[in-house]
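In: Provided below are the primary sequence and the corresponding predicted coordinates.
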Amino acid sequence: MTGDAPAAPEPGRREVELPDGRTLVVRPSRPDDVDGVELLYAGLSSDDLHLRFFSTYHPRREFFERLVNVAEEGGCCLVAVVDDPAERVVAEAEYLLLPNGNGELAMTVAPDWRGWLGPYLLDALLQAAAARGVPNLEAEVLVENRRMLAVIRRRGYATVDGTDPSEVRLTVGTSTRTPTWPAAHEGPRVLAESRGLWWGGERAAKAAGMQVMVCPGPHAGLECPALHGERCPLVEGADIVVCALAPTPGGDVRAAHASVHPGTTVIVPGAATRPGEFSLGNTTDDTLIGLARRVLAQG
Ligand SMILES: CC(C)(COP(=O)(O)OP(=O)(O)OC[C@H]1O[C@@H](n2cnc3c(N)ncnc32)[C@H](O)[C@@H]1OP(=O)(O)O)[C@@H](O)C(=O)NCCC(=O)NCCS
């Protein structure tokens, strides 16, 4: 018997039955979504506009036209639509391609649809990005944007830039448990493992020409691969790991590095107790950078 196989669902496309019997559809945007997306933004408060654009910017028509056609530039925009009673765009999420191969993420959910749709739409966008070979999505988020930070923190994320006190650049892997380093890089790569979004040595390390990513270690959104005996792409891509994570009932990341990533150089506060560890006795930036340079020179 012959016959055409059913077409594979479009990456990112999803349908969900709502309790009121309607169906919410997530799908790639089309040129004729421009009015719907413009209406979505017209329903945002000044605070929302500030969180989305870092100013109370009222986007012009050209902004929405570019957004719904971003696939022409290699990006992807997903819209969530529902009959209300005519089709209404209740959320959108998109990425534009960055020079480093990752996607620049931004998203908006209508105020009356918040509560679950943001994380759901981000899942769909990550899936669409993975299908297109985009390894990570990066987002610039105001530190006051607790909802967006919460959406990202529920995943395996890392901080790419935490040197600005008012905003932070985060990255999420599209098909890996943790994000990955961009392919091209200049200068040594330092992975700082430190609870939360920030690491105190970031500014000094960057000023010394190093590339830095900060991983919060195991948290609600990430089962640390190393604690499960799996190699971590962030550690594998790093020239040095600075591990400030204390052992918890969930596991000891330092011990995991010694067994899962043998040969990795790990700078630790306090005493170095394992092969590959170097002690950061005095935690000033100068000490850290000096030690990092010496360790890199030995490697
Ligand atoms: C950011 C946004 C897309 C998130 O979508 P959402 O549907 O509201 O997401 P949720 O309602 O699931 O909330 C996300 C998280 O924030 C938490 N949250 C909700 N309100 C909160 C508040 N006032 N303070 C702190 N956390 C809050 C939720 O509990 C949830 O956390 P959890 O997943 O750990 O339970 C949406 O709020 C939005 O469009 N905001 C305005 C535009 C914007 O900021 N875009 C992002 C720019 S990069």
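Out: Looks like it arrived, so ask away. Numbering: from 1, shown residues only.
In: quick check, distance from stretch 174-186 to the centre of its chain.
Out: 10 Å (CA atoms, centre = their mean, to the nearest Å).
In: Look at it and report the distance between its end residues.
Out: 23 Å (CA to CA, to the nearest Å).
In: Tell me the buried residues in that stretch?
Out: T174, T176, R177, T178, P179, T180, W181, P182 (16 or more other CB atoms under 10 Å). For glycine as for every other residue, the C-beta is placed from the backbone atoms N, C-alpha and C.
In: now for those residues, which pair is the farthest apart?
Out: Pairwise distances across the buried residues of stretch 174-186 peak at 17.6 Å for R177 and P182 (criterion: CB to CB).
In: Stretch 121-132 and the ligand in contact?
Out: No. For a cut-off given as CB under 6 Å from any ligand atom, stretch 121-132 has no contacts with the ligand; the smallest distance is 7.6 Å.
In: So for that stretch, what gets flagged as buried?
Out: For stretch 121-132, by 16+ other CB under 10 Å, it's L121, L122, A124, L125, L126, Q127, A128, A129, A130, R132.
In: repeat for stretch 246-257
Out: G251, V253, R254, A256, H257.
In: just checking, next helix/strand downstream of whatever helix or strand A204 lives in?
Out: According to DSSP states H and E, A204 maps onto helix 202-207. For helix 202-207, the following helix or strand on the C-terminal side (DSSP H and E) is strand 211-215.
In: Enumerate the residues of the stretch 151-299 of the chain near the ligand.
Out: V151, R154.
In: Which residue ranges of the stretch 151-299 of the chain form strands?
Out: Assigned by DSSP state E, counting those that start in this stretch, the stretch 151-299 of the chain shows strands spanning 157-161, 167-173, 189-193, 211-215, 240-243, 266-269, 277-280.
In: what residues are up against the residue nearest to R231 when sequence neighbours are not counted?
Out: Closest residue to R231 in three dimensions, ignoring its sequence neighbours and counting by CB to CB, 6 or more residues apart in numbering: V260, at 5.9 Å. Contact analysis of V260 by CB atoms under 8 Å, 6 or more residues apart in numbering lists P225, A226, G229, E230, R231, C232.
In: Identify the residues contacting the closest residue to A208 other than its chain neighbours.
Out: Among residues not flanking A208 along the chain, I289 sits closest, at 4.7 Å (CB to CB, 6+ apart). Residues counted as contacts of I289 (CB under 8 Å, 6+ apart) are G201, A204, A205, A208, M210.
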